[in-house]
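S.K.: with the input below, show me the fold.
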Amino acid sequence: MVRLVLAEKGISFDVQSLDPGDTPEDLKDLNPYNEVPTLVDRELVLYGAQIIMEYLDERFPHPPLMPVDPVSRAQNRLMLYRIKRDWYDRVDDLEGTTKAAASAREAFRDSLVAVSPIFEQKPYFMSDELSLVDCAFVPLLWRLPGYGITLPPQAKALQRYAKKMFNREAFSASLTDAEREMQSR
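M.R.: Presented below is the predicted three-dimensional model:
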């Protein structure tokens, strides 16, 4: 999601790919949680995807990815929190072939179907403009086939949204080679 924000804003950046089980000492020195993403911008070090995305939006204001008014900004932050808590925090439950994993995949799919009508009302996630919410949500949609989740016909509006977002130049530019292969399997 951070790479998507960088690409949408046209910010040049260097990515260092890491083996999650063997992080370098540099990361341990920069980030007390020893996790990614970690952003280094001159003397500033940030971690946590939402913090990094909001910083990038403020530091590089064009195009804006957060609304101007405080109420809409708060609503976007709340939706970012919900995306993390309701979906990203549950991704590990989708792994494997157990009954629990199958049940988690079904619940995950059903929660996505439940939000699908939102995409019939606005071109983006609860907005007329692309926002950080979209940047957080779309990478999750891209990974659905890898989790063994197929959206049913009643999620047609969400499927159209996903296709539109996947066709964005910035989205394509944000993908790693391994991420590109996720859709070709």
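
S.K.: the most centrally placed residue in the chain and residue 65: what is the separation?
M.R.: In the chain, the centroid-proximal residue (CA atoms, centre = their mean) is residue 136; its distance is 2.8 Å. Separation of residue 136 from residue 65 (CB to CB, to the nearest Å): 10 Å. The way it works is simple: take the backbone N, C-alpha and C, and place the C-beta from them, glycine included.

S.K.: same thing with residue 100?
M.R.: 36 Å.

S.K.: so the two - more neighbours on which side?
M.R.: residue 65 (24 against 10; other CB atoms under 10 Å).

S.K.: got a pLDDT number for the more buried one?
M.R.: pLDDT, residue 65: 97.

S.K.: surely it meets residue 8?
M.R.: Yes: applying CB atoms under 8 Å, one finds residue 65 in contact with residue 8, separated by 6.7 Å.

S.K.: where do the contact lists of these two overlap?
M.R.: When contacts are counted by CB atoms under 8 Å, 6 or more residues apart in numbering, residue 65 and residue 8 have 130, 135 as shared neighbours.

S.K.: so which bits of the helix or strand hosting residue 133 are buried?
M.R.: Applying DSSP states H and E as the criterion places residue 133 in helix 132-142. In terms of neighbour count (16 or more other CB atoms under 10 Å), helix 132-142 has its buried residues at 132-142.

S.K.: what's the closest of those residues to residue 92?
M.R.: Closest approach between the buried residues of helix 132-142 and residue 92, by CB to CB: residue 140, at 13.3 Å.

S.K.: so that closest one touches residue 84, yeah?
M.R.: No: applying CB under 8 Å, one finds residue 140 not in contact with residue 84, separated by 9.9 Å.

S.K.: quick one on the thing from earlier: for the buried residues of helix 132-142, which one is nearest residue 78?
M.R.: Looking across the buried residues of helix 132-142 and measuring by CB to CB, the closest to residue 78 is residue 133, at 9.7 Å.
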